[in-house]
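Any chance you could fold what I've pasted below:
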Amino acid sequence: MEIYLIRHTTPEIEKGICYGDSDIPLKDSFALEAETVLSALPTYLEKVYSSPLQRCTQLAHVISEDITTDTRLKELYFGSWELKKWSDIPFDEIQPWYNDWVNTPTHNGESYQDLQHRATAFIEDLPQHYNCIAIVTHSGVIRSLWAYFNAIDLKDSFNDLVIAYGAVLKIKYSKI
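So this is what the prediction gives:
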C-alpha cells in the first residue's frame, strides 16, 4: 500500500508557543499551500484519513469530500503546557522531559513513545485492501511513523528529516 503522510499547512499561532493537541486555525495562506499539497498527490486516492484537529481536517476536505478522522492521528498532547510560551514553562517541569523526551511524558500529557504507540496502532488497524491512501496529520505523528516504517530509533527521528508545513512524504507499507 502507498501511504502519503501529509503535514497540515501553516497554523495561525505566535512563534514560541507550545501547541500540540490544541485546535488552532490556519493562516490565510491556506488556499495557496493546499494547492501545493494537491500538486504533490496522485490523482486517485482510495481513502483519506485525518487528525480531527481543524488544521488537518481543513486540508483533508480539500483533498477529498469523504474523510475519516481518528484521534490517534493527533499531535503530541503537551498537557498543562498547551498554549503556553515555551519560555514560561517552569524549569523543574520541563527539564525531565528535555532529558528524555522519548520516554518522559510532558506535565499532565504524554511522551513521544505514547504518541508512537497510538499512531502505529492506527497503522496496524488500516484495512489492507487499499492500494493508495493519504493521512493528514502532524509533524510528531509523521516523524514517529517514519521511524516505525524505517526501523529508526525514536530518539533519532528528528535527525535529517525536514517536515515543513504542507510536506508530503510517500511510503510503501505492507503488513506482514
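
quick one, what contacts Ala167?
Applying Cβ atoms under 8 Å, 6 or more residues apart in numbering to Ala167 gives the contacts Ile6, Arg7, Ile142. C-beta coordinates here come from the backbone N, C-alpha and C atoms, glycine included.

try it again with 7 Å
By Cβ atoms under 7 Å, 6 or more residues apart in numbering, the contact list for Ala167 reads Arg7.

For Gly79, which non-adjacent residue is spatially closest?
Of all residues not flanking Gly79 in the chain, Gly109 sits nearest, at 2.8 Å (Cβ to Cβ, 6 or more residues apart in numbering).

and the one you found, that one's in a helix?
No - counting by DSSP: H, G, I helix; E, B strand; the rest coil, Gly109 is not part of a helix but coil.

Could you pull up phi and psi at it?
Main-chain torsions, Gly109, degrees, to the nearest 10: phi -130, psi -140.

hang on, isn't it packed against Tyr77?
Yes - Gly109 sits in contact with Tyr77 when judged by Cβ atoms under 7 Å, with a separation of 4.6 Å.

Can you list the helices and strands that the longest helix that the chain contains packs against?
Longest helix of the chain, by residue count under DSSP state H: helix 112-124. Judged by 3 or more Cβ pairs under 7 Å, 6 or more residues apart in numbering; DSSP states H and E, helix 112-124 is in contact with helix 139-149.
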